[in-house]
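[1] Here is a sequence together with a model predicted from it:
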Amino acid sequence: MEFPVDVALAELVPQLPTGPRWWYEVKLDGHRTFLWRLAETVRLQARSGRDVTTPWMDLAVAGIALPPGVMLDGEAVVVVDGRVSFEAAQARAASLPARSRELAAQHPALLIVWDVLALPTGDVRGRPYEERRALMLDVVAGLPEGSPIQAVSATEDVEVARVWYETLAGSGVEGVVAKSGRSPYRAGRSSSSWKKVRHAETLDAEVVGFTGAAGRPRALAVRLPDGRVALSQRLETQLAAQVAAALVDVAPAARGRAAGGESFTAAEPGLLVEVLAGTTRHAVVIVTRVR
């Protein structure tokens with residue numbers, strides 16, 4: 001395995017999947033970080049593939065206690081006043097060496113680990129999630145007491161996961177990630193085996209445009225109650241057909257632009273949809289139904 005590794009990503013969905021062999025993990029609001037324990041040193045990798053060892057040097061030092069050959073996937077987080085703080089993590093990630101040491105002294109980082117990609121015996125990405133989780137727990141259990149490298153909380157009970165989702169937002173839990181216990185570690189979002197839900201609120205929004213063709217819209221531009229125009233996530237097939245039925249008589253003649261800069265085809269006003277609009281730092285809008 002060569003640096004940098006390709007990243008597995010979860011698909012954003014409006015609700016948690018249920019059924020046999022689904023596992024649920026808390027999703028913390030930090031920076032995605034991979035820890036490589038090499039023969040003589042430790043490297044840390046960001047989701048983008050960049051080497052981020054220097055700003056997270058306290059985690060790199062802790063990683064020396066791991067056996068050479070281990071590679072972990074997780075989230076670098078910073079706790080401030082009992083709450084996971086994305087702002088503190090962002091400040092650390094953007095800091096120069098001297099400043100990162102100051103920030104680490106004030107608020108040491110944690111690496112909350114949810115997966116192991118390699119062991120001293122080799123690559124384990126092809127093994128099922130349930131096996132990899134057991135291997136990861138064994139690795140973390142071998143670290144010294146008080147290590148900042150810790151295993152993420154996980155459960156097979158969807159009701160427990162729902163309680164986490166409903167009650168832990170105030171402590172910096174961004175949502176819940178669901179993973180199929182049968183799933184290998186696959187890069188990208190090509191697999192449907194990882195799903196995530198983020199904290200959101202249900203709103204009625206006016207459709208002001210769409211991407212794709214009117215007969216097969218890919219996404220909707222909606223005006224939220226605060227006046228902001230946002231582009232939704234890609235529509236599911238059945239929902240796209242319902243929207244298309246309402247757009248079929250539209251003869252758009254103009255283009256529009258969402259708050260994030262995305263371009264869309266303007267539509268006549270009048271169509272309302274129900275959306276889930278993100279309440280965290282992520283400006284995510286998911287259309288759930290046509291009103």
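    Yes, it's here. Because the structure is a prediction, the values reported are computed rather than measured. Numbering: from 1, shown residues only.

[2] What separation do you get for Phe25 and Pro108?
    Just so we're on the same page, residue 25 is Glu rather than Phe. As judged by C-beta to C-beta, to the nearest Å, Glu25 and Pro108 stand 22 Å apart. Any C-beta I mention is one placed from the backbone N, CA and C, and that applies to glycine too.

[3] Specify which residue of the two has the higher count of neighbours.
    Glu25 (24 against 13; other C-beta atoms under 10 Å).

[4] Just the pLDDT for the more buried one.
    Here, the pLDDT recorded for Glu25 equals 97.

[5] quick one, phi psi at it?
    phi -120, psi 140 (degrees, to the nearest 10).

[6] so it touches Ala154, yeah?
    Yes. Glu25 lies in contact with Ala154 (C-beta atoms under 8 Å); the separation is 4.6 Å.

[7] who touches both of those two?
    Counting by C-beta atoms under 8 Å, 6 or more residues apart in numbering, the contacts common to Glu25 and Ala154 are Trp114.

[8] which residues in this protein form helices?
    For the chain, the helices defined by DSSP state H cover 57-63, 86-93, 97-106, 129-141, 158-167, 237-247.

[9] can you list those helices in JSON lines and add distance to Phe210?
    Formatted as JSON lines, the helices of the chain follow (distance: least, C-beta to C-beta, whole Å):
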{"stretch": "helix 57-63", "distance to Phe210": "44"}
{"stretch": "helix 86-93", "distance to Phe210": "32"}
{"stretch": "helix 97-106", "distance to Phe210": "44"}
{"stretch": "helix 129-141", "distance to Phe210": "36"}
{"stretch": "helix 158-167", "distance to Phe210": "30"}
{"stretch": "helix 237-247", "distance to Phe210": "7"}
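
[10] Show the average pLDDT along stretch 115-128.
    97.

[11] for that stretch, which positions count as buried?
    Residues 115-119, 124-125, 127-128 are the ones in stretch 115-128 that count as buried (16 or more other C-beta atoms under 10 Å).

[12] and it, how far out from the chain's middle?
    Going by C-alpha atoms, centre = their mean, to the nearest Å, the spacing between the C-alpha centre of stretch 115-128 and its chain's C-alpha centre is 21 Å.

[13] Other residues contacting it?
    Contacts of stretch 115-128 (C-beta under 8 Å, 6+ apart): 1, 5, 8, 34, 67-74, 129, 131-133, 135-136, 139, 181-186.

[14] Ok, stretch 256-274 next?
    Contacts of stretch 256-274 (C-beta under 8 Å, 6+ apart): 202-211, 214, 219-222, 228-231, 243, 246-247, 250, 252-255, 283, 287-291.
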